[in-house]
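Asker: Need a 3D model of the following:
(chains A and B)
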Amino acid sequence: MARQIWISFATAFVALAVLCCTSAPAAAQAGQNATLPLPPKVPPPGDGLPDLNGVWELPYTPDLERPFGGQLPFTTFGAEKYKTHLGGDDPHGFCQPTGPTRAFHSPFPFQLVQSAGMLVVLFEIDHNFRRIFTDGRPHPQDLDTTWYGDSIGHYEGNKLMVDTIGISDRSWLDTAGHQHSDKLHVSEVFEKTGLDSFKWTVTYDDPVYFSKPWSVTLTAKRQKYDIMEMICMDNNQDMPHYITSKPGNGPKP
Amino acid sequence: MRLGAAVFLFASLPVWAHHSFAAEYDQKQPLTIKGVVTKLDWMNPHVYFYVDATDNDGKVTHWACEAGNPNALARRGWKKDSLKAGDHVTIQTFRAKDASNTVNARSIVLADGKKIFAGSADDGGPSEDPEAKGPLN
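Answerer: Numbers count the residues shown, from 1 in each chain, chains lettered A, B, ... in the order given. Purely as a prediction, here's the structure:
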């Protein structure tokens, strides 16, 4: 009787051990931090505001003409710049910043950390961030242009409306080579469409490059795992090989 | 056979990566390389691996080969040791425009026929290889 109990116990133990080892999720074997758990939950912003907290990803969009559905409404100047640009002059090929919007539709997720007065965007790409102030402040006067510009926003129902100016002309809007001037005025709408999705609509208004404002809409999906570190200059072996008009240290102002 | 492979790759050529493919690589210079991996650098923004190819006369050519972004590859289940020094590989590539021994690897096949690192997500275009699967699939 004791022996039978012992055998049952041993069998159960072995079965459990086998089950334990073979049922480990495949994800745990991937390594390289691809499946690290999500960061701690951030409390919702309250005040009836849409909760945008979380880790998200938008569809990779190297060419904004694709979601736009055709050629962009260029000015003569803008069309000529696009026609004659060199892919090797892409500032991001030299790990210079993406600017506020290109990072969103890069092939990397981002984390949104939201309070009532500010939305912080933590981009996986280039380990960079963006802040959108929703505390009612205006844009500063006499703003110097910067790579990421100055963003302010306000809420309307389930939408966050964002206004960005002061973006330096050194960034490109996308990998296809669509460029802009420092007159660029970007408007964005973040519209929560469900627990795990939001629509991002971006409008580009730049009278130097485009004859009228134009928009694209992409849908963000909530991610299951954390963002990873991505340091663009960790091992950029491409730089010496680009066919570029600005060799050496890369694109200059 | 070689022409067929080149045609296939042509049809599935990505136009863009996170920087322009055409800024560096020549879609008119496809190249198949058979050799031995000597080193793998699992780093951003691109995984790089180095291959020694020996021709019939015993001459060795050293190739620097660019693969996809490591974060994207890791999310598809690939690991740092999915490819390692000593592995025999056949790679379909495109040469760099500057005549250096630098290539962009479009597909990597191990000696046992296993395809790895294929269809890297950051290309975004039609280069996705429907046959290639990561370990998580």
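Asker: Spatially nearest residue to the residue in chain B positioned nearest to chain A, not counting backbone neighbours?
Answerer: Chain A sits closest to residue B:20 of chain B, with a gap of 2.9 Å, by C-beta to the nearest C-beta. To be clear about C-beta, it is placed using only N, CA and C from the backbone, and glycine gets the same treatment. Nearest non-adjacent residue to residue B:20, counting by C-beta to C-beta, 6 or more residues apart in numbering or on different chains: residue A:87, 2.9 Å away.
Asker: Pull up the per-residue confidence for the one you found.
Answerer: Residue A:87 is assigned 94 on the pLDDT scale.
Asker: What number of residues are in the vicinity of it?
Answerer: The tally of other residues near residue A:87 (other C-beta atoms under 10 Å in any protein chain shown) stands at 20.
Asker: Help me confirm that it comes into contact with residue A:174.
Answerer: No - Residue A:87 is not in contact with residue A:174 according to C-beta atoms under 8 Å; the separation is 11.6 Å.
Asker: in chain B, which ranges drop under the pLDDT threshold?
Answerer: For chain B, the stretches with pLDDT under 70 are B:1-18, B:118-137.
Asker: Compute the first-to-last residue distance for stretch B:68-83.
Answerer: 13 Å (C-alpha to C-alpha, to the nearest Å).
Asker: how about that stretch, does it get close to chain A?
Answerer: Yes - contact of stretch B:68-83 with chain A (C-beta under 8 Å from any C-beta of the partner chain) involves B:69-75, B:77-80.
Asker: Generate a PyMOL selection restricted to the buried entries among the residues you listed.
Answerer: Buried members of the residues of stretch B:68-83 next to chain A, defined by 16 or more other C-beta atoms under 10 Å in any protein chain shown, are picked up in PyMOL with:
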select buried, chain B and resi 69+70+71+72+73+74+75+77+78+79
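Asker: Tell me which of the residues of stretch B:68-83 next to chain A fall in helices.
Answerer: Under the assignment DSSP state H, the residues of stretch B:68-83 next to chain A contribute B:70-75 to helices.
Asker: how many other residues sit next to the nearest residue to residue A:61 once chain neighbours are set aside?
Answerer: Distances taken as C-beta to C-beta, 6+ apart place residue A:105 nearest to residue A:61, at 3.9 Å, with adjacent residues excluded. Residue A:105 has 25 neighbours, counted by other C-beta under 10 Å.
Asker: again with residue A:142
Answerer: Residues within reach of residue A:142, counting by other C-beta under 10 Å, total 5.
Asker: Okay, it and chain B: tell me how far apart.
Answerer: 34 Å (C-beta to the nearest C-beta, to the nearest Å).
Asker: One more: residue A:170?
Answerer: Counting by C-beta to the nearest C-beta, the gap from residue A:170 to chain B is 15 Å.
Asker: Could you export the residues of stretch B:68-83 next to chain A to JSON lines, including columns for distance to residue A:183?
Answerer: Output for the residues of stretch B:68-83 next to chain A, formatted as JSON lines (distance: C-beta to C-beta, whole Å):
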{"residue": "B:69", "distance to residue A:183": "33"}
{"residue": "B:70", "distance to residue A:183": "38"}
{"residue": "B:71", "distance to residue A:183": "34"}
{"residue": "B:72", "distance to residue A:183": "34"}
{"residue": "B:73", "distance to residue A:183": "39"}
{"residue": "B:74", "distance to residue A:183": "40"}
{"residue": "B:75", "distance to residue A:183": "38"}
{"residue": "B:77", "distance to residue A:183": "45"}
{"residue": "B:78", "distance to residue A:183": "43"}
{"residue": "B:79", "distance to residue A:183": "47"}
{"residue": "B:80", "distance to residue A:183": "46"}
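Asker: which stretches of chain A aren't confidently modelled?
Answerer: Using pLDDT under 70, chain A drops low at A:1-2, A:4-32, A:247-253.
Asker: can you give me the strands for it?
Answerer: A:54-57, A:110-115, A:118-123, A:129-133, A:150-156, A:159-165, A:185-194, A:197-205, A:214-222 (DSSP state E).
Asker: now for the fourth one, which elements pack on it?
Answerer: Counting contacts by 3 or more C-beta pairs under 8 Å, 6 or more residues apart in numbering or on different chains; DSSP states H and E, the secondary-structure elements packed against strand A:129-133 are strand A:118-123, strand A:150-156.
Asker: Could you do the last one as well?
Answerer: Contact here means 3+ C-beta pairs under 8 Å, 6+ apart; on that basis strand A:214-222 packs against strand A:54-57, helix A:65-68, strand A:197-205.
Asker: Out of those, which is the most enclosed?
Answerer: strand A:54-57 (a mean of 20; mean count of other C-beta atoms under 10 Å in any protein chain shown).
Asker: Pull the residues that contact that strand.
Answerer: Residues from elsewhere that reach strand A:54-57 (C-beta atoms under 8 Å, 6 or more residues apart in numbering or on different chains): A:38-39, A:108-112, A:198, A:220-223, A:225-227.
Asker: what are the pairing partners of it, and which direction each?
Answerer: Strand pairing for strand A:54-57, determined by DSSP bridges: strand A:110-115 (antiparallel), strand A:214-222 (antiparallel).
Asker: Need those in TSV (columns: mean neighbour count).
Answerer: As requested, the strands paired with strand A:54-57 are exported to TSV (neighbours: other C-beta atoms under 10 Å in any protein chain shown):
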stretch	mean neighbour count
strand A:110-115	20
strand A:214-222	17
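Asker: hmm, back to that, what bridges to the residue of chain B closest to chain A?
Answerer: Bridge pairing for residue B:20 - DSSP bridges - gives residue B:16.
Asker: hang on, it packs against residue A:85?
Answerer: No - using C-beta under 8 Å, residue B:20 is not in contact with residue A:85, being 9.5 Å away.
Asker: more crowded one of those two?
Answerer: Using other C-beta under 10 Å, the more surrounded residue of residue B:20 and residue A:85 is residue B:20, with 24 against 17.
Asker: Run through the residues that contact that one.
Answerer: By C-beta under 8 Å, 6+ apart, the residues touching residue B:20 are A:87-88, A:90, A:93, A:175-177.
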